[in-house]
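> Sequence first, predicted coordinates after that:
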Amino acid sequence: MYRVTTAVHVHFSHHVRGHSGPCISLHGHTWKFELTLASPRLDVEGFVVDFDRVHELVLDPCHRLLDHSLALGHVSYAENEAVLAALGENLLGSRRETLGHLGEAPFHLDGELGGAKNLLPGGMKVAVFPFTPTSERLAEWFFGVAAQRIANADVRVVSTRVYESLHPVATYAEFVPG
């Protein structure tokens, strides 16, 4: 059995709805999304899957969805959509002071990815998920995205890890189907 692992770093903030501790507040991390794939044989080029293909199909879309966004569950988003629109207008409006205009729309994902999508209230990038985006739920979501987009008869997704922090020690959630 051959195994390969690759990952992407993503900077984004999130809110953990109903959390009993400090994660109720908006806060961010430098996340790492890691994917392990396996196959009993190599393809004609000698790969489990070419890393460029893994990036194109899985890691890059995840990066477009999440990078420099606020990740929210759909309930939190729906309850706060008007407030987020006003906040986005105020925050992005500060560009007029420095640039003289509002600039380009943020780099974002068009369409959906595993049930998640980007919305731009007031021009601010928000990644909206059908669940509260905890590391554990994001790891399972990431697994599903990878399985849908890259798995085939020979290649299977072994596991996904979503790291919330790497320093001073790694803290991550892992999803392995069971």
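Yes, it's here. Since this is a predicted model, take the numbers as computed values, not measurements. Numbering: from 1, shown residues only.
> Quick one: the strands in the chain, in order.
Ranges of strands in the chain, per DSSP state E, are 2-14, 27-39, 70-73, 112-113, 116-119, 126-129, 156-165, 171-175.
> Specify the angle between the top helix by length along the chain and strand 2-14 in degrees.
Using DSSP state H, we find that the single longest helix of the chain is helix 74-93. Interaxial angle, helix 74-93 versus strand 2-14 (axes from the mean of the first three to the mean of the last three C-alpha atoms, to 10 degrees): 70 degrees.
> What mean pLDDT does helix 74-93 get?
Helix 74-93 carries an average pLDDT of 97.
> what's the closest non-adjacent residue to residue 142?
Sequence neighbours aside, residue 160 is the residue nearest to residue 142 in space, at 4.4 Å (criterion: C-beta to C-beta, 6 or more residues apart in numbering). To be clear about C-beta, it is placed using only N, CA and C from the backbone, and glycine gets the same treatment.
> Would you check that my belief about the one you found contacting residue 8 is correct?
No: the pair residue 160 and residue 8 fails to qualify as a contact (C-beta atoms under 8 Å) at a distance of 11.6 Å.
> Who has more neighbours out of these two?
residue 160 (26 against 18; other C-beta atoms under 10 Å).
> related to what we said a few turns ago, elements contacting the longest helix of the chain?
Applying 3 or more C-beta pairs under 8 Å, 6 or more residues apart in numbering; DSSP states H and E, one finds that helix 74-93 contacts strand 126-129.
> can you pull the buried residues of the strand it packs on?
126, 127, 128, 129 (16 or more other C-beta atoms under 10 Å).
> Any chance of the residues you listed in CSV with distance to residue 165 and pLDDT as columns?
Formatted as CSV, those follow (distance: C-beta to C-beta, whole Å; pLDDT from 0 to 100):
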residue, distance to residue 165, pLDDT
126, 22, 98
127, 19, 98
128, 24, 98
129, 20, 98
